[in-house]
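Participant: Dropping the sequence and predicted coords here.
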2 protein chains.
Amino acid sequence: MQTEDQSVFRALADPTRRTILRDLARQDMTIAQVADNFDMTRAAVKKHLSVLSDGGLITVQARGREKINTLNPHGFAPVLDWLTFFDQFWDDRLADLKAAIEEKDA
Amino acid sequence: MQTEDQSVFRALADPTRRTILRDLARQDMTIAQVADNFDMTRAAVKKHLSVLSDGGLITVQARGREKINTLNPHGFAPVLDWLTFFDQFWDDRLADLKAAIEEKDA
DNA sequence: CAAGAATGATACCTTTTGGTTTCACTTTGG
DNA sequence: CCAAAGTGAAACCAAAAGGTATCATTCTTG
């Protein structure tokens, strides 16, 4: 458990990468297109895309000399699974605490 | 959106911290108790706890000379909210893709 | 009150990260 | 064919991250 999750959690840790994911949610993009949305070099964006790819959050396919980056919704599964552990914990043992937390939600 | 999420995403990025959260899910613990579960100094564990606290994932209260660290389930909310954006995206625009992904889930 | 326990804080070190530059490589188009 | 477009990759840098060691503080307790 949580053995191979590191790459996806690491991928989500950077704000630039989280923004890229939102951008790719709108449409698939080449590296250059993604880079146009940021004030940094294409090389830097490329590195971010590599981290996202390592984390399984995007897939990349070549189209001629271009690389099309596509959001991979399936890649979020490990994160959701990990978070689910806590849901279960609350349900099983801390129903009262959960209720208390929600009502003190100022 | 995603403006102040950084601290919680950063907190979740480290495997030691994710393990600490699971440990705290079982029971509240002092710093020394948390440190007993790891092969590193108490000072290092303390730093991790500070990051978790900054991210809102745990709360800390003094009890005499001890500090009791408690899991704060509410702290996960920003992460769930952020992830929800993609759920919505799938529902709104990619119902077909979602189905395709699930059925090709080898 | 004095010793020990639990912690806070600081300085310091090493590795990772995020970024830039630069150069080689492949595809596309006129 | 040849120049330009789109990438890949490597070298290099500064800053952040994860750890350790050390010392000062603050409770607890006999």
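Facilitator: All right, it came through fine.

Participant: Dump the helix or strand harbouring residue A:61 to PDB, keeping only the CA atoms.
Facilitator: For residue A:61, the element it lies in under DSSP states H and E is strand A:58-63. Taking C-alpha atoms only, strand A:58-63 is exported to PDB below (Å, rounded to 0.1, in the frame of the first residue of the first chain):
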ATOM      1  CA  ILE A  58      -1.200  12.200 -18.800                       C
ATOM      2  CA  THR A  59      -0.400  10.200 -21.800                       C
ATOM      3  CA  VAL A  60       1.700  11.300 -24.700                       C
ATOM      4  CA  GLN A  61       1.400  10.300 -28.300                       C
ATOM      5  CA  ALA A  62       3.500  11.400 -31.300                       C
ATOM      6  CA  ARG A  63       1.800  13.000 -34.300                       C
END
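
Participant: right, is the helix or strand encompassing residue A:68 up against DNA strand D?
Facilitator: Here residue A:68 is covered by strand A:66-71, with elements defined by DSSP H and E. Yes - applying CB under 7 Å from any atom of the strand, one finds strand A:66-71 in contact with DNA strand D at A:66, A:67. For the C-beta atoms, the positions are set from N, CA and C on the backbone; glycine is no exception.

Participant: Strand A:58-63 and that strand, what's the angle between them?
Facilitator: Orientation check (axes from the mean of the first three to the mean of the last three CA atoms, to 10 degrees): strand A:66-71 against strand A:58-63 gives 150 degrees.

Participant: What residues of strand A:66-71 count as buried?
Facilitator: By 16 or more other CB atoms under 10 Å in any protein chain shown, the buried positions in strand A:66-71 come out as A:67, A:68, A:69, A:71.

Participant: Find the residue closest to the residue in chain A positioned nearest to chain B in space, skipping its chain neighbours.
Facilitator: Distances between chain A and chain B by CB to the nearest CB are smallest at residue A:13, namely 3.7 Å. Closest residue to residue A:13 apart from its sequence neighbours, by CB to CB, 6 or more residues apart in numbering or on different chains: residue B:13 at 3.7 Å.

Participant: just residue A:55 next, same as before
Facilitator: residue A:11 (3.1 Å).

Participant: got the CA positions of the helix or strand harbouring that neighbour in PDB?
Facilitator: Using DSSP H and E, residue A:11 sits in helix A:6-12. C-alpha atoms of helix A:6-12 as PDB (Å, rounded to 0.1, in the frame of the first residue of the first chain):
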ATOM      1  CA  GLN A   6       4.800   8.400  -4.800                       C
ATOM      2  CA  SER A   7       5.100   9.300  -8.500                       C
ATOM      3  CA  VAL A   8       1.500  10.500  -8.700                       C
ATOM      4  CA  PHE A   9       1.500  12.400  -5.400                       C
ATOM      5  CA  ARG A  10       4.800  14.000  -6.400                       C
ATOM      6  CA  ALA A  11       3.200  15.000  -9.800                       C
ATOM      7  CA  LEU A  12       0.400  16.700  -8.000                       C
END
